[in-house]
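[1] The following comprises the amino acid sequence and a computationally predicted model.
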Amino acid sequence: MELRDLGNTCVLGLQWGDEGKGKVVDLLLEHFDVAVRYAGGANAGHTVVAGGQKFALHQLPSGVLRPGVMNIIAAGAVIDPAALLGEIESLRQRGIVVGDGLRISDRAHVVFPHHRREDVVAEKAARPDEKLGTTARGVGPCYTDKVARRWGLRMCDLYHPEYLRQRLAEIIAQRTAYFGAVYESRESFDAAAIAQEYLDMAAQLRPFVCDTSLLLHQLRTQGKRILLEGAQGSLLDVDHGTYPFVTSSSTIGYATGAGIPAAAVKSIVGVVKAYATRVGTGPFPTELTDAVGQTIRSRGGEYGTTTGRPRRCGWFDAVATAYAARIVGPTHLAVMHMDTLSGFEQVKVCVGYRLGERRLNELPADAYTLERIEPVYDTLPGWETDLTNCRKLTDLPASARAYLDYLSERLNVPVAIIGVGPSRAQTIIVTDSE
Ligand code: IMP
């Protein structure tokens, strides 16, 4: 892959999130002028190791760590102003000034305290088998209110004080009555105080708020190179993921979320881990609850960036991931965390499922079936060698290369990027001549 020839590019995860998108985006950004977050909100956690420091970004695009990059949070994302200002401030304390390099869509919906409350009380009230294991950041309830079209407020609404005060008072009265009736939650909210707090925060964010689809159009016209940064993963997509154990946004909907034509995006980098992880609840056919799963978790540092929860770990699921790849159509594959699999004599890849006597070759739609299937594995030779110092394809042991070729064939996407450790340098870029 020649990085400068990618054209406008979208980077998105082909599993259940946490594939290592933050690192891929950070790496590619050297060749881009604009970074765009098009979905999700403070539920996302993108880890980037830059200049020897580890950064966990939630709402801000990863381009904030690259001087000169314009960072856009587009209409498909949701904004928690307090969390966003907190993120900007904590970066400032570490010497990174976001300054003029940020724009926020005036159409993006806003997360309020009652959304965060609903996230918590709805989870608490759910039956154990219905709990979603959300990140409790209020993102789901905010998207719910957006789609309901009765209780949603957008960034542009924060600049009309009288309207905001009145609408928020009505919305909070309705929502708290609902929480009381359905969840028996008696917590009250001071609508006037919240309105004032949001007006103050909106004033701080004012220089950043604009029509970001117009801005993207202008930037494209000027020939600026745009990188769209997916959040969560394809299997958490609200339409195509393992519903209802998904996030609340269209994680693969980069064009709608960003407000640009799909045809303006030339390359799609699908990011996978060399194994699979899932954080929160929901079906996970290849989950390993034994010592192998624990080894992967501790070697890979598999703890949630946003919540710190231990991630569930398992073997690579080539059925679920090929399903995601078919929908998304990646032009390039990034296989991350290859170093984490070092030391296993054998590695397994799920190539089908068994449901009683039946063999399934496609991902079932319903969680009921997904919870009942057994993975069918292919077993491949593992590799003992530490990969963290490998810098080119030929540095990798033959079995690691064979594993990559195998994944590439299963997903029908060429491998372009290989992760062998957390830092920028610990990456192999597969060039066109290889
Ligand atoms: P929510 O997005 O907070 O509503 O959570 C819904 C599901 O998506 C839960 O299983 C979360 O653990 C999962 N989820 C949300 N954001 C991320 C992420 O950035 N990485 C991985 N999983 C996520």
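    Great, that's in hand.

[2] pLDDT score for whatever residue of the stretch 301-434 of the chain ends up closest to the ligand?
    Closest approach between the stretch 301-434 of the chain and the ligand, counting by Cβ to the nearest ligand atom: Thr306, at 6.2 Å. Placement of C-beta: from N, CA and C, glycine included. Listed pLDDT for Thr306 reads 79.

[3] Looking at the stretch 251-400 of the chain, which residue is nearest the ligand?
    For the stretch 251-400 of the chain, the residue closest to the ligand is Gly280, as judged by Cβ to the nearest ligand atom, at 2.3 Å.

[4] was I right about that residue contacting Glu123?
    No: contact criterion Cβ atoms under 8 Å: Gly280 and Glu123 do not qualify, at 10.1 Å.

[5] for the stretch 301-434 of the chain, what spans make up the strands?
    312-314, 316-317, 332-336, 346-355, 358-360, 374-381, 415-419, 427-429 (DSSP state E, counting those that start in this stretch).

[6] The stretch 101-250 of the chain: strands as residue ranges?
    With strands called from DSSP E, counting those that start in this stretch, the stretch 101-250 of the chain shows them at 102-105, 109-110, 209-210, 226-233.

[7] Tell me the spacing between Ala262 and Ala231.
    Distance, Ala262 to Ala231, using Cβ to Cβ, to the nearest Å: 18 Å.

[8] And for Phe179?
    Phe179 is 27 Å from Ala231, by Cβ to Cβ.

[9] more crowded one of those two?
    Ala231 (29 against 20; other Cβ atoms under 10 Å).

[10] what's the nearest residue to Ile260 if we skip its chain neighbours?
    Leu216 (5.2 Å; Cβ to Cβ, 6 or more residues apart in numbering).

[11] repeat for Tyr243
    Ala367 (7.1 Å).

[12] from the stretch 1-150 of the chain, which residue is nearest to the ligand?
    Taking Cβ to the nearest ligand atom as the measure, the point where the stretch 1-150 of the chain comes nearest the ligand is Gly17, at 2.7 Å.

[13] Residues in a beta bridge with the nearest residue to Tyr403 once chain neighbours are set aside, which ones?
    Closest residue to Tyr403 apart from its sequence neighbours, by Cβ to Cβ, 6+ apart: Leu380 at 5.6 Å. Leu380 has the following beta-bridge partners by DSSP bridges: Val347.

[14] when you give positions from now on, start the count at 24
    Shifting the count to begin at 24 puts that one at Leu403.

[15] I'd say Leu403 and Val374 touch.
    No: using Cβ under 8 Å, Leu403 is not in contact with Val374; the gap is 10.9 Å.

[16] List the buried residues of stretch 386-406.
    Buried residues in stretch 386-406, counted by 16 or more other Cβ atoms under 10 Å: Leu386, Pro387, Ala390, Leu393, Ile396, Pro398, Tyr400, Leu403, Gly405, Trp406.

[17] elements contacting the lowest-mean-pLDDT helix or strand in the chain?
    Lowest mean confidence among the helices and strands of the chain (mean pLDDT, DSSP states H and E): strand 69-73, at a mean of 80. Counting contacts by 3 or more Cβ pairs under 8 Å, 6 or more residues apart in numbering; DSSP states H and E, strand 69-73 packs against helix 44-51, strand 76-80.

[18] is the last one anywhere near the ligand?
    No: contact of strand 76-80 with the ligand is not found when judged by Cβ under 6 Å from any ligand atom; the minimum separation is 10.5 Å.

[19] can you give me the offset of that strand from its chain's centre?
    Offset of strand 76-80 from its chain centre (Cα atoms, centre = their mean, to the nearest Å): 15 Å.

[20] Could you export the helix of greatest length in the chain as PDB, keeping only the C-alpha atoms?
    The longest helix of the chain (DSSP state H) is helix 184-201. Output of helix 184-201 as PDB, limited to C-alpha atoms (Å, rounded to 0.1, in the frame of the first residue of the first chain):
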ATOM      1  CA  PRO A 184     -31.100  30.800  25.300                       C
ATOM      2  CA  GLU A 185     -34.900  31.400  25.600                       C
ATOM      3  CA  TYR A 186     -35.800  28.500  23.400                       C
ATOM      4  CA  LEU A 187     -33.300  26.200  25.100                       C
ATOM      5  CA  ARG A 188     -34.600  27.100  28.600                       C
ATOM      6  CA  GLN A 189     -38.100  26.400  27.600                       C
ATOM      7  CA  ARG A 190     -37.500  23.200  25.700                       C
ATOM      8  CA  LEU A 191     -35.200  21.800  28.300                       C
ATOM      9  CA  ALA A 192     -37.800  22.400  31.000                       C
ATOM     10  CA  GLU A 193     -40.500  20.600  29.000                       C
ATOM     11  CA  ILE A 194     -38.200  17.700  28.000                       C
ATOM     12  CA  ILE A 195     -36.900  17.200  31.500                       C
ATOM     13  CA  ALA A 196     -40.400  17.200  33.000                       C
ATOM     14  CA  GLN A 197     -41.500  14.600  30.400                       C
ATOM     15  CA  ARG A 198     -38.500  12.400  30.700                       C
ATOM     16  CA  THR A 199     -38.400  12.400  34.500                       C
ATOM     17  CA  ALA A 200     -42.100  11.500  34.600                       C
ATOM     18  CA  TYR A 201     -41.200   8.600  32.200                       C
END
